[in-house]
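Colleague: structure, please.
(chains A and B)
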Amino acid sequence: MDSLDLKHKRALVVDDFANVRKSITVMLEDLGFVTVMEANSGDSATKLIRESKYDLVLCDFNLGLGRDGMRLLEEWRRLKLMPEDTIFVLITGETSRSVVISAIEFQPDDYLAKPFTTDVLKVRLGRWFQRRQVLLPLLVSLDKKDWQAVANAARGINDSYPRYRSTAQKYLIEALIRQKKLGEAETFLYEVLEKRYECWAQTSLHRIELLQKKFDSAEKGLKAVLELDPNELIAYDYLVDALVQQEKEDEAQTLLEEVISRAPRSIDRQLRLVKVAQANLNFRRANQAQKDILYLAADTMHESVGLFQSYIKNLRDEALLSDDLRKRDIEKEIIFTAKRMQESFTGDYNAELFTRASDIKTAKDVPDIKTTQDLDDLYNDVINESDRVIPETALFLAELFYYSERFTEADELVRCFKGCFSDQPEVIELLDSLQAEPISLTLRKEAKDLNGQGMALYESGKYPESVGFFEKALKVSPRHPGIVLNFVQSHLLMMETRGKNDQTVALCLETINRLFYLPDEHYQFQRYKKMLENVEKM
Amino acid sequence: MDVQTMMAVTVHDVKNSLSLIDSQLNDVILRLDGSDSDSVQEIRRIQLECNRINNGMVHMLAFYKLDQGTFSPIFSEAVISDVILDATSRYTRMLDSLGVTLSIRFADGDEEQLWYLDANLIEGLLSNILTNSIRYAKSHLVFDIGVVDGWLNIRITDDGEGYPQSMLELLEQPDQLSFQSGETGLGLFFCQKIAKLHRNKERCGSIELTNDARSGGAVFNLWLP
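Modeller: The predicted model follows:
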C-alpha cells in the first residue's frame, strides 16, 4: 500500500448523497490521497472526467434521476473520455450485481458493497492498482480492438498470473472468436472444461457453434446451460440467436421476455425484443419494448431522434390493426412522444424531416394537390442532403414515397441512402427489404407463407399448383425477388413439358421486369439475370 | 410498488442508517481518544451488532431475489486469501479494540490458492460467522485454509466457550429456524444455504459446527466443492 504513492494519484467520487461522498472522500484522504474530487450526478461527473485524468473513480450505481453508474461507465468508454489506466469501481448493493452485468468491454474493474470501512478500501486499493498494472497492456489492445495483441496479452497473463487467470481466459476466447480462430478457441475451452464445468466456457462453446451455423446443436446446448444455471444471462442472448436463425421467433420472444424480467436494464435486449415481436406481428409487445427503451435511454447517450422515430412509426403500424379503443390510446401516445422528440431535439434536421413526412402521411388519406406538392418539395430537399439523414428517417421517407405510389422517387431515395449507409449492412438489409416489399409487415408475412406453400409444391414437382400460390403471393407482394423468380421459373418449367405459349411468355416478361431495381450485389441478382435472358430468348 | 422493490428499498434504507450509525460511533471513539477503553469496547460491540443487522438484511434480500429469479450467484475463480481479507478487513479496528488477534494460516503455505466460488456470497458468509466469533472469542481467532480430498476447507476457530449443545444440534434438524428459543440460528441458516449453492458435479457445499476437543473453543467449518 505504502509503495502506491497515493499522494500523486487523483480520485473522483460520484454519489448523489453529500454525506456518502464526504465519508468516502475522508477515507481516501486518510489512506493518502491528496486530490479527491466529488460529483453528485452523471453530468457533473462527465464534466470533471472531460477536464482531467483520474487514476480512480468510485461511482455509486444509483445516481438518482438520469444515468446510473453503469451507463456512465459505458458512455465514458464508448466516447473514450476515460483512459484505459483509470480504475473504475462501481458501488452497488451486494445483490444487485447480476442485474448490472454488461458486455465485456464495459465491465467495471470491481464492485464494492456499501457500507465499507477504511480498512476494506485499503485492502481493495492495493488490489486494484496491482491488477491494473498487470492488465493494462491487454486493456490498451482491447481499446484499439487489436485482437491479436489482446490474445497475446491474455495468454501471457494466463500463464504468469494465476490470480487473473479467469479474466485472462475470457479475454482470450473473445479475442480468438473475433479473429475467427474458432478451432483454437474450442480446443482451449475443452481444456478448461476438462478441469471443471464452468458456465462461461460451456456457453462460449455454444457461441462458437452458432458461428459455425450449427443452430440446432447450439440451441440444445444452451438450453442445457440454462437448465443448470438459469441466471447465465448471456446464454439467453445466444439462445435467442439460435432460435431466430431457425425461425422459431415465438419461442425467442418468450425467452427474451424472461431474460428482460431478470435484468430489465439492457437496451440491446429490448431492441432485440422489438424486432422479434414485430416478426411475430405482435406489435403491441414490440411497442411496449420501444417505450421501455425510451425510458431507459432518457438522458443517456442512447437517447436519439431515431429511437423516437421508430417508436412513432411502429405505433402507427400497430394502430392499423387495432380496435378503436387502442387506436385512441395510440394516438395520444404518438402526440406525447412527438412532443417529447421535438422538445429534446429542437431544430434537429432529422426530427424536422420526420415531422414533415409524418404530416404528409397523415394528410395522405385525402390525396390533394397540396400533398403532391409537399412530396415534391420533400423529395428535392432530401435528395440534395441525403448524407445528413439517419437510418430511421431514411426508412420512414422511402416508405412514405412507396406508400404514396411514387416508385421512381422511392427507388432513387433507396439507391441514394444505400450509398450513404454502405458501412451499415443492417440498414442496407432493411432498405433492400423495403424496396422488395414496400408493404406492411403483416402483408409481408402473408406473402411469405403463400410463397412457402408454393415452394413446397414446386419441390414435389407440382408446378401448376405451385404457380397458383406464387400468383396469390404476388398479389400481396408484387415485387419481391424470390416470389417473382419462383413464379417465372415454375411457368418456364411447365412450358418445357407443355410447349411454349406466347401469352405466358408475355406474362413472365412483365413479371420479371418488376425486378429492374435489383442491384448487382443482391443475392438473387445472378438468378434474375439468367432467368431474364431465358425469357427474352423465348 | 412490488414486494421485492419494497424490500430492496427497506434494506437500502436500513443499510444507509447503519452506515451512518457506524460512522457516528467511529467519531465518538475518536473523541474518546483512548481515554476510556471500556466505553470504546462497548461501542465496538454495538458496531458488531450493527454488522449483524447488516448481514441479516443482505442475506434476506439475496435469498428473496434468488427465489424470484432476479439474483444470480456469480461463480468464478477467486483468490481465497482475497475473499478472507475482504471479510476480515472490515473488522480490523474492532478486533484491535476488543484485543482479539486474528491469524490466517494456509495449510500448504499457498496464499494465492484459487477456488471456484461466488466471492461475494462467501465473503458475506464469513463475515456473518465472524460477527459471532468476535463476540465470543476471548483473545484469539484463527482461519485455517486447506484443500482436503478436492474440497476447499475454511475453518474458523475461536478460543471462547464453544457452541452450546442446542447450536451444535441445530444443523441436524430438518427445519433449523426456530423462534422458540432465543437463538434462532438465522445466521447459520443463511450460511448453509450459501454453501449449498456451491456445486461441482454431484458434490455440494456444506457447513459444520464442532467444539475444539482441546481448547473447547467453537470451530466453524466451511466445505466447498
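
Colleague: residue ranges in chain B under the pLDDT threshold?
Modeller: Across chain B, the ranges flagged by pLDDT under 70 are B:69-70, B:173-184.

Colleague: run a quick neighbour tally on residue 53.
Modeller: Using chain A. Residue A:53: 10 surrounding residues under other C-beta atoms under 10 Å in any protein chain shown. (C-beta placed from N, C-alpha, C; glycine too.)

Colleague: meant chain B actually
Modeller: Other residues within reach of residue B:53 by the criterion other C-beta under 10 Å amount to 15.

Colleague: give me the nearest residue to it, chain neighbours excluded.
Modeller: Sequence neighbours aside, residue B:18 is the residue nearest to residue B:53 in space, at 6.1 Å (criterion: C-beta to C-beta, 6 or more residues apart in numbering or on different chains).

Colleague: just residue A:412 next, same as before
Modeller: Nearest residue to residue A:412 in three dimensions, chain neighbours excluded: residue A:383, at 7.1 Å (C-beta to C-beta, 6+ apart).

Colleague: contact partners for the residue nearest to residue B:53?
Modeller: The contact partners of residue B:18, taken as C-beta atoms under 8 Å, 6 or more residues apart in numbering or on different chains, are A:115, B:50, B:53, B:54.

Colleague: thought residue B:104 was touching residue B:84?
Modeller: Yes. Assessed by C-beta atoms under 8 Å, residue B:104 is found in contact with residue B:84 at 6.0 Å.

Colleague: what about the two, which has more around it?
Modeller: Under the criterion of other C-beta under 10 Å, the comparison of residue B:104 against residue B:84 puts residue B:84 first, with 22 against 16.

Colleague: so that one versus residue A:376, what's the distance?
Modeller: To residue A:376, residue B:84 is 75 Å away according to C-beta to C-beta, to the nearest Å.

Colleague: what's the answer for residue A:386, then?
Modeller: 16 Å.

Colleague: between these two, which is the more surrounded one?
Modeller: Neighbours were counted for residue A:386 and for residue A:376 using other C-beta under 10 Å; residue A:386 has more, 18 against 12.

Colleague: what's the pLDDT at the nearest residue in space to residue A:27 that is not next to it in sequence?
Modeller: Once flanking residues are discounted, residue A:27 sits nearest to residue A:118: 4.5 Å by C-beta to C-beta, 6+ apart. On the pLDDT scale, residue A:118 is placed at 89.

Colleague: same question for residue A:96.
Modeller: For residue A:96, the pLDDT comes out at 58.

Colleague: and what of residue A:241?
Modeller: Per-residue pLDDT puts residue A:241 at 96.

Colleague: for my notes, confirm it occurs in a helix.
Modeller: Yes. When DSSP: H, G, I helix; E, B strand; the rest coil is applied, residue A:241 is found to be in a helix.

Colleague: what's the burial count for the closest residue in space to it that isn't next to it in sequence?
Modeller: What sits nearest to residue A:241 in space, not counting adjacent residues and going by C-beta to C-beta, 6+ apart, is residue A:210, at 5.5 Å. When neighbours are counted by other C-beta under 10 Å, residue A:210 registers 19.

Colleague: so residue A:210 sits in a helix?
Modeller: Yes. Assessed by three-state DSSP, residue A:210 belongs to a helix.

Colleague: list the contacts for it?
Modeller: A:218, A:238, A:241, A:242, A:245.

Colleague: and the closest residue to the first one other than its chain neighbours, how far from residue B:147?
Modeller: Nearest in space to residue A:218, with sequence neighbours left out and distances taken as C-beta to C-beta, 6+ apart, is residue A:209 at 4.0 Å. Here the distance between residue A:209 and residue B:147 works out to 34 Å (C-beta to C-beta).

Colleague: settle it for me: which of the two has more neighbours?
Modeller: Just comparing residue A:209 and residue B:147: by other C-beta under 10 Å the higher neighbour count belongs to residue A:209, 22 against 16.

Colleague: do I have it right that the more buried one meets residue A:217?
Modeller: Yes. Counting by C-beta under 8 Å, residue A:209 touches residue A:217, with 5.4 Å between them.

Colleague: for the helix or strand harbouring the residue nearest to residue A:412, what is the distance to the chain centroid?
Modeller: Element membership for residue A:383, per DSSP states H and E: helix A:369-384. Chain-centre distance of helix A:369-384: 32 Å, with C-alpha atoms, centre = their mean, to the nearest Å.

Colleague: right, and the helix or strand after that helix?
Modeller: Beyond helix A:369-384 on the C-terminal side, the first helix or strand identified by DSSP H and E is helix A:391-403.

Colleague: what's the angle between the next helix or strand after that following helix and helix A:369-384?
Modeller: Moving toward the C-terminus from helix A:391-403, the next helix or strand (DSSP H and E) is helix A:407-420. Helix A:407-420 runs at 30 degrees relative to helix A:369-384, counting by axes from the mean of the first three to the mean of the last three C-alpha atoms, to 10 degrees.

Colleague: hmm, who's touching helix A:407-420?
Modeller: The contact list for helix A:407-420 (C-beta under 8 Å, 6+ apart) reads A:375, A:379, A:382-383, A:386-387, A:389, A:394, A:397-398, A:401-402, A:427-428, A:431-432, A:434-435, A:438, A:517, A:519.

Colleague: specify the local secondary structure of the residue in the stretch 101-250 of chain A that chain B sits nearest to.
Modeller: Ranked by C-beta to the nearest C-beta, the top residue of the stretch 101-250 of chain A for proximity to chain B is residue A:231, at 2.6 Å. Classification of residue A:231 using three-state DSSP returns coil.

Colleague: burial count for the closest residue to it other than its chain neighbours?
Modeller: The shortest distance from residue A:231 to any non-neighbouring residue, by C-beta to C-beta, 6+ apart, is to residue B:72 (2.6 Å). Neighbour count for residue B:72, taken as other C-beta under 10 Å: 21.

Colleague: so residue B:72, which of the three states?
Modeller: Look at residue B:72: counting by three-state DSSP, its state is coil.

Colleague: surely it touches residue A:235?
Modeller: No. Shown here, residue B:72 and residue A:235 do not form a contact pair, counting by C-beta under 8 Å, at 11.2 Å.

Colleague: what do those two both touch?
Modeller: With C-beta under 8 Å, 6+ apart as the test, residue B:72 and residue A:235 both reach residue A:229.

Colleague: ok, the residue of chain B found nearest chain A - contacts?
Modeller: Going by C-beta to the nearest C-beta, chain A is nearest to residue B:72 of chain B, at 2.6 Å. Contacts for residue B:72 were tallied using C-beta under 8 Å, 6+ apart; they are A:98, A:229, A:230, A:231, A:232, A:233, A:262, B:66.

Colleague: which parts of stretch B:114-132 are buried?
Modeller: Buried residues in stretch B:114-132, counted by 16 or more other C-beta atoms under 10 Å in any protein chain shown: B:114-132.

Colleague: just those residues that are near chain A?
Modeller: B:114, B:116, B:120, B:124 (C-beta under 8 Å from any C-beta of the partner chain).

Colleague: just those: which are in helices?
Modeller: Among these, the members falling in helices (DSSP state H) are B:120, B:124.

Colleague: export the ones next to chain A among the buried residues of stretch B:114-132 to JSON lines and tack on distance to residue A:204?
Modeller: As requested, these are exported to JSON lines (distance: C-beta to C-beta, whole Å):
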{"residue": "B:114", "distance to residue A:204": "20"}
{"residue": "B:116", "distance to residue A:204": "16"}
{"residue": "B:120", "distance to residue A:204": "23"}
{"residue": "B:124", "distance to residue A:204": "29"}
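
Colleague: if I look at the spatially most central residue of chain B, how far off is residue B:188?
Modeller: What sits nearest the mean C-alpha location of chain B, by C-alpha atoms, centre = their mean, is residue B:128, with 2.1 Å. Per C-beta to C-beta, residue B:128 is found 8 Å from residue B:188.

Colleague: close to chain B: what parts of the stretch 201-350 of chain A are there?
Modeller: A:229, A:230, A:231, A:232, A:233, A:261, A:262.

Colleague: identify the farthest-apart pair in those residues.
Modeller: The two members of these with the most space between them (C-beta to C-beta) are A:229 and A:261, at 16.7 Å.

Colleague: no further queries at this time; thank you.
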